[in-house]
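Chemist: take a look and give me a structure for this.
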Amino acid sequence: LLPGGSATELVTNAWNGGVPLGDSLLLLAPTAAWVIVAVTLATRLFRWEPRR
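Modeler: Residues are numbered from 1 along each chain as shown. Modelled structure (predicted):
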């Protein structure tokens with residue numbers, strides 16, 4: 001459940017020739033959750049001002 005753990009497993013599985021879709025979906029869920037958390041925190045913590 002670490003940020004890069006499931007992403008690394010997805011890359012390793014793809015490199016080795018793939019795995020069944022069910023296994024990939026189990027690994028894709030934590031990766032997508034971390035992406036959503038990161039985007040949410042970035043939009044809340046960093047206020048970007050437009051350039052003039």
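Chemist: what about the residue most central in space within the chain, distance to W15?
Modeler: Taking Cα atoms, centre = their mean, the centroid of the chain lies closest to T31, which sits 3.1 Å from it. The gap separating T31 from W15 is 16 Å, by Cβ to Cβ, to the nearest Å. (Each C-beta comes from the backbone N, C-alpha and C, glycine too.)
Chemist: for T40, see how far away the residue nearest to the centre of the chain is.
Modeler: For T31, the distance to T40 - Cβ to Cβ - is 15 Å.
Chemist: returning to what we had before: helices or strands up against the helix or strand hosting the residue nearest to the centre of the chain?
Modeler: T31 belongs to helix 21-45 when assigned by DSSP states H and E. Applying 3 or more Cβ pairs under 8 Å, 6 or more residues apart in numbering; DSSP states H and E, one finds that helix 21-45 contacts helix 5-15.
Chemist: may I see the buried residues of the helix it packs on?
Modeler: S6, A7, E9, L10 (16 or more other Cβ atoms under 10 Å).
Chemist: which two among those residues are spaced furthest apart?
Modeler: A7 and E9 (7.3 Å; Cβ to Cβ).
Chemist: quick one: mean pLDDT over stretch 9-23.
Modeler: Per-residue pLDDT values over stretch 9-23 give a mean of 88.
Chemist: show me what it is in contact with.
Modeler: S24, L27, L28, T31 (Cβ atoms under 8 Å, 6 or more residues apart in numbering).
Chemist: burial count for A33?
Modeler: A33 has 13 neighbours, counted by other Cβ atoms under 10 Å.
Chemist: typed the wrong thing, it's L28
Modeler: By the criterion of other Cβ under 10 Å, L28 has 14 neighbours.
Chemist: what's the answer for P30, then?
Modeler: Neighbourhood size, P30 [other Cβ under 10 Å]: 16.
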